[in-house]
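Peer 1: Sequence and predicted structure are below.
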Amino acid sequence: MVRCIDIELKLGHSFRLYIPYLWVKKKSITHLIGENGCGKTSLMKAILDLYPRQKGLIEINGKDNRMDESWKSFTGVYLGTAYLLGFLSPLEYFRLVTRLRRIPLYSIENYVHQNFEGLLTPEMLQKRTCIRDLSSGNQARVGLIAAMLGHPALLLLDEPFVYLDQSAKKALQQLLQQFCENGKTILFTCHDSACIEELATTTIKLENGIMIN
C-alpha cells in the first residue's frame, strides 16, 4: 500500500529523517514508535507530501505520491486537533470533508450515528457549537471521525488516542480493527502501550530520525 525507498528529509539545520526502506502492507495496522522528536510525524507528513524530501521515492498504491495525487481520494488523515477548522461546527466540518473527498452522503448526521456512535457525544451534534468551543477530547473525536468518513482505504493517524477517555479509546480500537478486517490499511503513532498491544500487526521503530528495524 505504502512504500518508502531511500527517503531523506531535512528540516532546519539539525534534523534529518532517513528511511532506507519501509513497506506498509495492505490490510495491516502498522505502528510507528520512538521518542518524541524522532521523526514519526515528519514521516507521515512526507507520505502526505506535506514536507519536501531531498531524495528517495514514496509510493502509495504503486504510484509516486508527488506525480500522482489519486491517493488523496482514498486516504483519511488525522494529525491532531490543531489542523481542524475551529470556526465550523462538527457537522459543518464533516460536510466539508465529504465534499472535498467526493463522498456521496445523503445525511451526514445519520451516517455518523450509524458508523461512529461510540465516538459521538451530544455536544458534537449541537449545530451552533463550534469545534473550537469543544473540549480537547471532543475535538479529537471530531478529527478522528472526519478522517474515517467514507471508510477510506488508507488511514494515517498521529497520536489518535491522545485526549480520549477510556470509552472513546475502546470505541476507536474497535473501529480500527473493523477497518482492518474490511481490508483497510492503517499507519499510526501512539504512546499508549495497552492500545498498541491490541491493535498493531506490525511495529516500526525510529530513533533520531533513522528507521532501525
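Peer 2: That came in fine, so what should we check first? Numbering: from 1, shown residues only.
Peer 1: Quickly list what the closest residue to residue 37 other than its chain neighbours is bridged to.
Peer 2: Sequence neighbours aside, residue 15 is the residue nearest to residue 37 in space, at 7.9 Å (criterion: CB to CB, 6 or more residues apart in numbering). (Glycine included, C-beta is placed from N, CA and C.) On the basis of DSSP bridges, residue 15 is bridged to residue 11.
Peer 1: repeat for the one 4 residues further on
Peer 2: Applying DSSP bridges to residue 19 gives these bridge partners: residue 7.
Peer 1: Let me see the ranges of the strands in this protein.
Peer 2: Using DSSP state E, the strands of the chain run over residues 2-11, 15-24, 29-33, 55-60, 63-64, 75-78, 154-158, 185-189, 202-207, 210-211.
Peer 1: Now do the buried residues in stretch 155-170.
Peer 2: Across stretch 155-170, burial judged by 16 or more other CB atoms under 10 Å covers 155, 156, 157, 158, 159, 160, 161, 163, 164, 168, 169.
Peer 1: Could you do stretch 128-142 as well?
Peer 2: By neighbour count on 16+ other CB under 10 Å, the buried set for stretch 128-142 is 129, 131, 134, 138, 139, 140, 141, 142.
Peer 1: so can I have TSV of the residues you listed showing pLDDT?
Peer 2: TSV is the format used below for the buried residues of stretch 128-142 (pLDDT from 0 to 100):
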residue	pLDDT
129	93
131	97
134	96
138	97
139	98
140	98
141	98
142	98
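Peer 1: Would you format those residues as TSV with distance to residue 44 included?
Peer 2: Formatted as TSV, those follow (distance: CB to CB, whole Å):
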residue	distance to residue 44
129	29
131	22
134	24
138	23
139	19
140	17
141	20
142	19
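Peer 1: Greatest separation within those residues: which pair is it?
Peer 2: Pairwise distances across the buried residues of stretch 128-142 peak at 15.5 Å for 129 and 140 (criterion: CB to CB).
Peer 1: re the thing from before, my read: the residue nearest to residue 37 touches residue 39, true?
Peer 2: Yes. Residue 15 is in contact with residue 39 according to CB atoms under 8 Å; the separation is 7.4 Å.
Peer 1: helices or strands next to the worst-scoring helix or strand of the chain on mean pLDDT in the packing?
Peer 2: Sorted by mean pLDDT, DSSP states H and E, the helices and strands of the chain end with helix 193-199, the least confident at a mean of 72. Applying 3 or more CB pairs under 8 Å, 6 or more residues apart in numbering; DSSP states H and E, one finds that helix 193-199 contacts strand 29-33, helix 166-181.
Peer 1: Pick the most buried one from these.
Peer 2: Across those, averaging neighbours per residue (mean count of other CB atoms under 10 Å) puts strand 29-33 on top, at a mean of 21.
Peer 1: which other residues reach it?
Peer 2: By CB atoms under 8 Å, 6 or more residues apart in numbering, the surrounding residues in contact with strand 29-33 are 24, 40, 43-44, 176-177, 180, 185-190, 196, 199-206.
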